[in-house]
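Visitor: Fold the following.
(chains A, B, C, D and E, ligands or ions: 5)
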Amino acid sequence: MNNEGVSLRAFDRTRIFRGFMLTPGAIVTLVLVLFALFLVVFLSVRVNDDSLLGAGVSLQNFVTIFTEPLYGLVVLRSLTIAGLVTLATVVAAYPVAYYLAFHAGPRRSLILFLVTLPFWTSYLLRVFAWKIVLAYNGVLNSVLMLTGLSAEPSTLFLNTPAAVVLTLAHAYAPFAILPIFVALETIPKSLMEAASDLGARPFTTFRRVILPNSMPGVLSAAVVVFVPTVGDYVTPAMIGGPTSTMIGSLVQAQFGKANDWPFGAALAVMVMLVILAVVLIVRQADRLFGSRT
Amino acid sequence: MATDALLRLDSVSKHFSGGIVGLNNINLSIAEGEFLSLLGPSGCGKTTTLRVIAGFEAPTEGEIRLDGKDITPLRAFDRPVNTVFQDYALFPHMSVAENVGFGLSLRKIAASERRKRVAAALDMVGLADKINQRVQALSGGQRQRVALARAIICEPRVLLLDEPLSALDAHLREQMQVELKRLQRELGTTFVMVTHDQTEALSISDRIVVMNKAAIEQIASPSVLYDRPATAFVAGFIGTSNLLKVRLVSRDASVLRFAAGTLSLDVPSNGNTDLQPGDGATLGVRPEDILVSYERAEGSVGASVESVVFHGRSLRVHLLTEDKDSLTADIPRQAEPAAMATGEHIFVSLRPGASCPILPS
Amino acid sequence: MATDALLRLDSVSKHFSGGIVGLNNINLSIAEGEFLSLLGPSGCGKTTTLRVIAGFEAPTEGEIRLDGKDITPLRAFDRPVNTVFQDYALFPHMSVAENVGFGLSLRKIAASERRKRVAAALDMVGLADKINQRVQALSGGQRQRVALARAIICEPRVLLLDEPLSALDAHLREQMQVELKRLQRELGTTFVMVTHDQTEALSISDRIVVMNKAAIEQIASPSVLYDRPATAFVAGFIGTSNLLKVRLVSRDASVLRFAAGTLSLDVPSNGNTDLQPGDGATLGVRPEDILVSYERAEGSVGASVESVVFHGRSLRVHLLTEDKDSLTADIPRQAEPAAMATGEHIFVSLRPGASCPILPS
Amino acid sequence: MSRRNIKTAGSGWLRWYVGLYLVFLYLPVALIPLFSFNDSVQAAFPLKGFTLAWYETLIGNETLIGALITSLSIGLAAAAIATLCGITIAYMDTQVRSSVARLISGIARLPILIPGVVVGISLLILVNLLGFGPSRLAIVLGHVLVCLPTTVIIMRGRFASIPRSIPEAAEDLGAGEMIVFRRVMLPLALPAIGSSFMLAFLTSFDEFIVAFFLAGTQPTLPLYIWSQLRFPKSLPTVMALGTAILVVSIIIAGCAELLRQRGLSRSMSSRA
Amino acid sequence: ADKLTYFTWSGYELPDFHKAFDAAHPDSIDISVFGDDDDAFTKVKAGFRPDVAHPCYDKIARWNKEGLLQPIETARIKNWDSIFPVFRNLLDIQAGDGKVWMVPWDWGNTSILYRTDLVKDPEKSWNLLWDKQYAGRIATIDAVHDTPVVAALLAGVSPFDMTPEQLDKVADKLREQRPLVSAYTTDMTSVEQSLASGQLVAAMTWNASAVALKKQGVPVEFMKPKEGMLTWACGFVMLKDAKNIDLAYDFINSRLEAESGKALIENYGYGASTTSAFAAVPQDELENLQLPSDPETMLKSTVFTGPMKQNDDLAKMFEKVKAGG
Ligand SMILES: Nc1ncnc2c1ncn2[C@@H]1O[C@H](COP(=O)(O)OP(=O)(O)OP(=O)(O)O)[C@@H](O)[C@H]1O
Ligand SMILES: Nc1ncnc2c1ncn2[C@@H]1O[C@H](COP(=O)(O)OP(=O)(O)OP(=O)(O)O)[C@@H](O)[C@H]1O
Ligand SMILES: NCCCCNCCCN
Ligand SMILES: [Mg+2]
Ligand SMILES: [Mg+2]
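Guide: Ligands and ions are numbered 1, 2, ... in the order given. Predicted structure coming up:
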């Protein structure tokens, strides 16, 4: 009997704990996330009449998106640029995370700090700094001319997709480093020893044991970099020039200059679905390759 | 430098941070094709020894030679050595087959050949039907066998085994021992195995290294180790021996007569010792060499039964003699008194002809 | 419902995804204060049984009762049960002391009292000097002992031990067995221990459950299991028995005379059996019950020595009889022929008075 | 010391790489202090002359200090809430695995897909409906939404990589779910928690578009900087501001690091 | 006490512009800023509710259509009569009955700012922004009422009212320009930096940029294209449910003080809407800033960016062209 009372209390405690654990997430997701999601989906099937929520119900927005080649083109361009950014960011960040996880020793927290420090300055300011680097009379051109690699300054660095990739790869550095670092850190040392023992040189150990086991982190990093990049509009606008116009700018413009919220929402829904598809495909591919994500 | 040694550890020491001594001046040379076992209490440095040989730990001092060449600076992957890890260290992202085939795949062995050898290795460890399973879904013993297959398949010059059979039942274990021994003979591989199972060490090894407190106590063949342990520690560790403080009473050409209190012990001298009557010594008396009886006989001593433990073929009996010596005896179940019980009073004598190691006092 | 059972498993089955059967209709009742061992080959479901009792796996079917109450729906922390995990599962972010003290700290035990009990528990497992170490810096056997101390310290009603001594040498192991047994008696705790060591199971348990392929083969006390195994599997598993196909030749009041080819075997009948002369049966013959000699005697059979393995006190000899039966014999080293060698021809007979289990054919 | 030759062999090029990477990270950032002392509105080479004039304009600039405080408090609050949500959602998803928990975890990772404008507009509508309108609180909510996917993703990865037998062992010793969480899983997830918090804070501290829509009359630092950047002649002042933030964060983090190391060296003495 | 909420272009919140208000109501204003008035409109449409906002004239129709505004009584605007008649009489601000939707405050010009050293003696025409030899070194303003208006002028189409066919012509003109443009932007900081560095040789800017660059000694000229500069005007509106009407009037009034306009002229080089402000600025300074003391005459040679009937269609088209469609 007594026992029963005890376990009942424990049962309640579990319930309370679970309730407590669910509450913050539930409030945030069910109120904030669902509201935003609902609004964008709702708007996307409305007809623009310049009012807050549009009028009627129609799939016309989607018809427009799928019939005008421009949108496909811009989405493709966005995916390409975001893909490149993700690739560049993750590939560049991985060795740093690796170093942090396995080699940094007592310097680990210092380097972690150094890695995040630049991001305390405003993003806009950093973009400006990149402009100074890439500009006509900028650092890069000066270096090229000083080293004799080029005779006259190039205007080709700024306002190109390459500039966007560079700037974003810089901007998202900690977002790639930290998740990969967290994943690498959890790999038992004995796995690497086992691989080495079986004759795997460091690179093979890396490729066949460390990399697959860090894939959860790499994927997290990729998602955290890729997804917001696809929808970014500030960076392309500031440093990318017209050839870098991404889907985010179009969405943004529909909500601003063009004042067609329903169409903007439809574009947003479309992008979300495309990104979701990309992420799911990548995750599936990763499963096929046997990762344990 | 012994030229016939395949592997040599020269004055190898390993100090961990925090002042912990993992290995203290280990000297060891292992011949090609030898089956060497490391035996010793928990924490004595067995795993550390293997790790130093495999190349996972750099010795703080000393060097490791393979074929006479100093391999101390070589990395693990450059040493023709494979390891079965105490905690298995299976790759969680690979299937059983991928784990086992990993080493081969590094050696650019054709896929078909690889498949064949993986299947054969898994067959050997009795896991042919688990070939495509995830390693997480395996039981403890199954994991251990996968680890074994993974290391063996590479046919290294030296195979290091860290308690490779500890999770297996006696049956499977004996089977695996036979397999290991066969493999070792067939491939001519040198095996260095850590085990905590004395019988296993005695039955499978060419030589046994007994370690204690980061150092080597004795290196010898199983029978020498068993019959002539160099130290009381070894005697105690190998045979669950009773260590009896005795005095030499008399000696003739072939027999030494010792006494411990009223218990008299006749031990074949084997040309042994230069003990003189009256000298003290320590005698290692094995449990199976102790006879018990309900009747007093000459040279026997009375004792009370402290506890009786069923061991299957025998009963392990803990006794306290009238001289307050604690003794452990293994009594065959068929022998009399068949049903010994705690608290009974009996008489103890030494089995005639029992060869008891005489140890430095 | 047996009223005196502390713990009951009623028709418990566990199916894993992928159609793997972990447990198949297990019925088991364990009395208060009992020491029960689970014995069986690797992968037979021992760990799964413990996990079901501890509350980590919900049985697919069946229920678990404690004190007659159905605890199947209870979570692990609500069960007065503690576990020593096969892979230790020590908390990597805590020191040895913190690991061991974890359970107590949950029970709101004063810090001073806790420190005392932690020290005592570590003392018991021989790790008093490692109290403030990180668990990563421990050897395999040391970790296992920390896991043991961590589970024991809580004094649960039922203690589940999954191969708790597998990483320990015989010496320490026997010491720990004695400690476990003492603890169990003192605290009146019920122990359910998985082990792969037959001797350990026989020596420490009140009853032994032999499992095979997710099911129970036999539940019995050690001596009954040893002397009267219910199945050939149990006989083979427990005693490394030779399973001989025999025919009953004749019988009298006390002795059954069997024959396997030219080998004749006289077995005490123990009022056993209703076999009639001419009937076939399987006899479990233990290695230590096989006698070898260089001379033919009545009822013996010729055999050749296939291999000889040194086991310390005895030699394990694998034999092939003239009738092509494979036999394993344990020959005391003191017995003749003392130095048996592979390829020799000898004669085999059954030790008079040996009690051989007669198994259903 | 013990595993030196094993661990650091082959790390030579890696060290170089990390060095170069740091140069890459700091190259543009280092220009900010440089031009903040340059006596010219144009942020271009060659440098004109040294001046502290831009810093003088910072001092006593109440809007700026207000914006800084607003951003810091919003960043801390949003990062704390997002990390809390990330921890709880990921934990319930990977450990308790109820269908509700999984659903929430799935939804929580979606906002990363929603364009910032949409987040800004919908939350503006929402906070008006809720009655408190654009304000710091509104921005905090917006940033929680923006950071949530990141924190959930990171925390999920971490919790999933802890062997199941660890929480099982704790539970077995009598720890209820809360204690398993608090005493075992949480400490084991600490590095990930730090990472989550850091990333969430950085995101919030830098976020612009959502903040634009949700800001009432208290601008965040990015809003302030952005409005200043529309004035070409404010550029050096903004550079000075960026430099000041950099310096202060170095000092704060440096002190924290010193304290931490001192604490660590004490606990390290018994370590391997 | 309640505070006035004022939503304005960043940079237009300076206390110098409403000293009188601050003196009368210390610490009674909360300011929120925006970067372009499209964003401002979006935020207000989504529910942000300031008392007074500061959009430009061409957006008034849009704000009105959404029902965001309430009329302002000119009778309560002390200096109403000192506002230049051109601005006072703007068509779209009339709310009838002595009421207006917007009180004009600032105005200025949009044209090509070019490097005199890098572009030698250009034809005085907007066509410079279509000149292939400067491909990649041209920037133009990213707003409907700027670049598309110019494109319309060059295509010979009225920017303020066009047929769909004419809109297509404008689109073609814009497409023609896109490959040459290095950036569509409203970020004058970047544009000025780029002009100064030589990355850009010519860009569409507001006149303040010309003033600033010249002051730094950069060799630039603010062109007077033969098709006409663009002239814009902005002003104050009162939101429908403004809570602080009295404060709002006081605020607008303070902004129409001469010294407020003077501060505007002297700080940014933009024109104030009041004659009194112009009177307060020395003549040579006005000349320096290329500000005519009478916008009336100036407007004869410039194009006033009033409401565009097809604003939304143009905007959508412009977005597509920029994206490459
Ligand atoms: N999570 C799982 N998923 C699928 N199969 C499993 C899982 N866990 C265990 N099994 C399988 O169930 C069977 C029983 O496993 P269990 O761990 O109980 O074996 P065991 O008797 O403890 O063996 P050992 O002595 O080797 O530890 C094994 O065949 C194993 O492969
Ligand atoms: N990384 C380490 N840091 C500090 N001490 C260590 C480390 N690794 C091992 N030790 C200590 O060194 C000693 C030897 O450890 P080792 O693992 O070699 O023991 P072992 O003989 O394999 O024991 P077992 O049979 O229990 O596995 C132990 O006391 C252990 O605590
Ligand atoms: N801060 C710059 C203000 C420029 C005014 N914009 C003009 C828009 C024309 N309608
Ligand atoms: Mg070990
Ligand atoms: Mg098991």
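
Visitor: any weak-confidence spans in the chain?
Guide: Looking at chain A here, since you left the chain open. A:1-11, A:288-293 (pLDDT under 70).

Visitor: switch to chain D, that's the one I care about
Guide: In chain D, residues with pLDDT under 70: D:1-11, D:260-272.

Visitor: Now with 80, please.
Guide: Scanning chain D with the threshold set as pLDDT under 80 gives D:1-11, D:44-46, D:60, D:253-254, D:256-272.

Visitor: Which parts of it are helices?
Guide: For chain D, applying DSSP state H gives helices covering D:4-7, D:12-36, D:53-58, D:62-91, D:99-108, D:116-130, D:136-160, D:165-172, D:177-179, D:186-188, D:190-206, D:209-214, D:221-229, D:235-268.

Visitor: Nearest to ligand 1, out of those helices?
Guide: Of all these, helix D:165-172 sits nearest to ligand 1, with 11.7 Å by C-beta to the nearest ligand atom. (C-beta placed from N, C-alpha, C; glycine too.)

Visitor: related to what we said a few turns ago, columns mean neighbour count on top of the helices of chain D, output as a markdown table?
Guide: Output for those, formatted as a markdown table (neighbours: other C-beta atoms under 10 Å in any protein chain shown):
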| stretch | mean neighbour count |
| --- | --- |
| helix D:4-7 | 14 |
| helix D:12-36 | 17 |
| helix D:53-58 | 16 |
| helix D:62-91 | 22 |
| helix D:99-108 | 18 |
| helix D:116-130 | 23 |
| helix D:136-160 | 26 |
| helix D:165-172 | 24 |
| helix D:177-179 | 20 |
| helix D:186-188 | 16 |
| helix D:190-206 | 23 |
| helix D:209-214 | 28 |
| helix D:221-229 | 25 |
| helix D:235-268 | 16 |
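
Visitor: Select, out of those, the one closest to ligand 4.
Guide: Among the helices of chain D, helix D:4-7 comes nearest to ligand 4, with 18.2 Å by C-beta to the ion.

Visitor: Now render the helices of chain D as CSV, adding distance to residue B:345.
Guide: Formatted as CSV, the helices of chain D follow (distance: least, C-beta to C-beta, whole Å):
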stretch, distance to residue B:345
helix D:4-7, 61
helix D:12-36, 74
helix D:53-58, 98
helix D:62-91, 64
helix D:99-108, 67
helix D:116-130, 89
helix D:136-160, 63
helix D:165-172, 45
helix D:177-179, 54
helix D:186-188, 58
helix D:190-206, 63
helix D:209-214, 90
helix D:221-229, 91
helix D:235-268, 58
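
Visitor: do you know which of those helices lies nearest residue C:230?
Guide: Using C-beta to C-beta as the measure, helix D:165-172 is the one of these that comes nearest residue C:230, at 32.8 Å.

Visitor: mind giving me the domain split of chain A?
Guide: Residue ranges for the domains of chain A, per automatic domain parsing: A:1-44, A:60-292.

Visitor: so which of those comes closest to chain C?
Guide: Nearest of these to chain C, taken as C-beta to the nearest C-beta: domain A:1-44 at 4.5 Å.

Visitor: check whether the closest one contacts chain E.
Guide: No. Judged by C-beta under 8 Å from any C-beta of the partner chain, domain A:1-44 makes no contact with chain E; its nearest approach is 10.4 Å.

Visitor: Run a quick neighbour tally on residue A:106.
Guide: Per other C-beta atoms under 10 Å in any protein chain shown, the neighbour tally for residue A:106 reads 10.

Visitor: Kindly list the main-chain dihedrals of the residue of the stretch 51-200 of chain D found nearest ligand 1?
Guide: Closest to ligand 1 within the stretch 51-200 of chain D is residue D:164: 9.4 Å, counting by C-beta to the nearest ligand atom. With angles defined as degrees, to the nearest 10, residue D:164 sits at phi -60, psi -30.

Visitor: For it, grab the count of nearby residues.
Guide: 12.

Visitor: Quick check, central residue of chain A?
Guide: residue A:225 (1.8 Å; C-alpha atoms, centre = their mean).

Visitor: Contact residues of the stretch 101-250 of chain D facing ligand 1?
Guide: Listed as neighbours of ligand 1 in the stretch 101-250 of chain D under the rule C-beta under 6 Å from any ligand atom: no residues.

Visitor: Pick out the residue in the stretch 101-250 of chain D sitting closest to chain B.
Guide: For the stretch 101-250 of chain D, C-beta to the nearest C-beta, closest residue to chain B: residue D:164, 9.1 Å.

Visitor: so how far is residue C:310 from that residue?
Guide: 43 Å (C-beta to C-beta, to the nearest Å).

Visitor: Next: residue B:258.
Guide: Relative to residue C:310, and taking C-beta to C-beta, residue B:258 is found at 27 Å.

Visitor: of these two, who's got more company?
Guide: residue B:258 (26 against 19).

Visitor: Assign a three-state SS to that one, would you?
Guide: With DSSP: H, G, I helix; E, B strand; the rest coil as the basis, residue B:258 sits in strand.

Visitor: Skipping its backbone neighbours, what lies nearest it in space?
Guide: Nearest in space to residue B:258, with sequence neighbours left out and distances taken as C-beta to C-beta, 6 or more residues apart in numbering or on different chains, is residue B:246 at 3.9 Å.

Visitor: Averaged pLDDT, stretch E:72-89. What do you get?
Guide: For stretch E:72-89, the mean per-residue pLDDT is 94.

Visitor: tell me, what residue is most central in chain E?
Guide: Note: chain E centre (C-alpha atoms, centre = their mean) maps to residue E:232, 4.5 Å.

Visitor: That one: which element?
Guide: Here residue E:232, judged by DSSP states H and E, is contained in strand E:230-239.

Visitor: same deal with residue B:248?
Guide: strand B:242-251.

Visitor: Then residue E:139 would be within a helix, right?
Guide: No. Going by three-state DSSP, the assignment for residue E:139 is strand, not a helix.

Visitor: Give me the neighbour count for it.
Guide: 27.

Visitor: so what pLDDT did it get?
Guide: 95.

Visitor: quick one, what contacts it?
Guide: Contact analysis of residue E:139 by C-beta atoms under 8 Å, 6 or more residues apart in numbering or on different chains lists E:181, E:182, E:183, E:184, E:185, E:191, E:194, E:200, E:202, E:203, E:204.

Visitor: Which of the three states applies to the closest residue to it other than its chain neighbours?
Guide: Nearest residue to residue E:139, sequence neighbours excluded (C-beta to C-beta, 6+ apart): residue E:203, at 3.9 Å. The local conformation at residue E:203, judged by three-state DSSP, is strand.

Visitor: I'd like to know how far the closest residue to ligand 4 within the stretch 1-150 of chain A sits from residue A:93.
Guide: Residue of the stretch 1-150 of chain A nearest ligand 4, by C-beta to the ion: residue A:102 (23.6 Å). Note on residue A:102: its distance to residue A:93, by C-beta to C-beta, is 15 Å.

Visitor: Those two: who's more crowded?
Guide: Taking neighbours as other C-beta under 10 Å, residue A:102 and residue A:93 compare with residue A:93 leading, 26 against 19.

Visitor: Phi and psi next, for residue E:99.
Guide: phi -120, psi 150.
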